[in-house]
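Peer 1: pasting the sequence and the predicted model now:
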Amino acid sequence: DGGITQSPKYLFRKEGQNVTLSCEQNLNHDAMYWYRQDPGQGLRLIYYSQIVNDFQKGDIAEGYSVSREKKESFPLTVTSAQKNPTAFYLCASNDPFAGEEYGYTFGSGTRLTVV
Amino acid sequence: DAKTTQPPSMDCAEGRAANLPCNHSTISGNEYVYWYRQIHSQGPQYIIHGLKNNETNEMASLIITEDRKSSTLILPHATLRDTAVYYCIVRVKNAGGTSYGKLTFGQGTILTVHP
């Protein structure tokens, strides 16, 4: 089945360490997105990519980095510069040329905890 | 993108219709209304979208007022599995009909369906 796979589901990081969250999709979608969700809050956009080798900052990009070397992959690195990284991270993708009824497809998320 | 206002929480009895309101009084003529829902600790799921006409699909109905300043998502026969956070989002569909760009999530409405 087509979809988005995020790994790992749970991740623990020590303060001062960088950590990379994986996001892979087999939907052949051009656009991919990373969102952060804090308890009781909506989603906030970190980075997005409309095409391979191109990406744009979202609303809260500080302390994060991404790459888009392949269409199906959009990894997110949480760097030590991110002061409050504990959160639920969601990856999404969409086909910009498809009908709106296909919407955005989200992964099942990675819960990152700083210990 | 226009800002939306939703009640923080609502209750509904199983088998009854759930009517979730959304105010978007600053919506522009080219902005669509989208509804997504998020079941606990999962990624959001697309439900329905519309521009100015009422819409219905296998999941829900969307009623948009004539002035487009508000809308209502209707789940006709709510089940326990419909318990989730429901997000109302308004967004411009890009030129050429493509759908790049972020979805701006507010805090949504927590819908609790009880037996």
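Peer 2: That came through, no problem.

Peer 1: what ranges do the strands span in chain A?
Peer 2: For chain A, applying DSSP state E gives strands covering A:4-7, A:10-13, A:19-25, A:31-37, A:43-51, A:54-57, A:64-66, A:76-78, A:87-94, A:105-106, A:110-114.

Peer 1: now the residue most central in space within chain A: closest residue in space, sequence neighbours ignored.
Peer 2: In chain A, the C-alpha nearest the mean C-alpha coordinate belongs to residue A:34, at 2.8 Å (CA atoms, centre = their mean). Distances taken as CB to CB, 6 or more residues apart in numbering or on different chains place residue A:46 nearest to residue A:34, at 4.4 Å, with adjacent residues excluded. All C-beta spots, glycine's among them, are computed from the backbone N, C-alpha and C.

Peer 1: residues contacting that neighbour?
Peer 2: With contact set as CB atoms under 8 Å, 6 or more residues apart in numbering or on different chains, residue A:46 has these partners: A:34, A:35, A:36, A:58, A:59, A:60, A:61, A:64, A:66, A:76, A:89.

Peer 1: out of these, which one sits closest to residue B:108?
Peer 2: Nearest to residue B:108 among those, counting by CB to CB, is residue A:35 at 13.5 Å.

Peer 1: correct me, but that closest one touches residue A:45?
Peer 2: Yes: applying CB atoms under 8 Å as the test, residue A:35 and residue A:45 come out as touching, 5.7 Å apart.

Peer 1: count the neighbours of residue A:77 for me.
Peer 2: Applying other CB atoms under 10 Å in any protein chain shown, we find 14 residues neighbouring residue A:77.

Peer 1: wait, doesn't it sit right on residue A:18?
Peer 2: Yes: using CB under 8 Å, residue A:77 is in contact with residue A:18, at 5.8 Å.

Peer 1: circling back to that earlier point, nearest to chain B among the contacts of residue A:46?
Peer 2: residue A:58 (6.3 Å; CB to the nearest CB).

Peer 1: isn't the residue nearest to the centre of chain A up against residue A:74?
Peer 2: Yes: with contact defined as CB under 8 Å, residue A:34 reaches residue A:74; the gap is 7.0 Å.

Peer 1: so what sits against both of these two?
Peer 2: Joint contacts of residue A:34 and residue A:74 (CB under 8 Å, 6+ apart) are A:23, A:66, A:91.

Peer 1: possible to save those residues as JSON lines with pLDDT and neighbour count?
Peer 2: Formatted as JSON lines, these follow (pLDDT from 0 to 100; neighbours: other CB atoms under 10 Å in any protein chain shown):
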{"residue": "A:23", "pLDDT": "97", "neighbour count": "24"}
{"residue": "A:66", "pLDDT": "98", "neighbour count": "22"}
{"residue": "A:91", "pLDDT": "96", "neighbour count": "27"}
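
Peer 1: verify the stated contact: residue B:45 with residue B:34.
Peer 2: No: between residue B:45 and residue B:34 there is no contact, the gap being 11.6 Å when judged by CB under 8 Å.

Peer 1: who has more neighbours, these two?
Peer 2: residue B:34 (21 against 16).

Peer 1: phi first, then psi, for that one.
Peer 2: For residue B:34, the backbone dihedrals (degrees, to the nearest 10) come out as phi -120, psi 150.

Peer 1: and if you look at residue B:81?
Peer 2: Given degrees, to the nearest 10, the pair of backbone angles that residue B:81 has is phi -70, psi -10.
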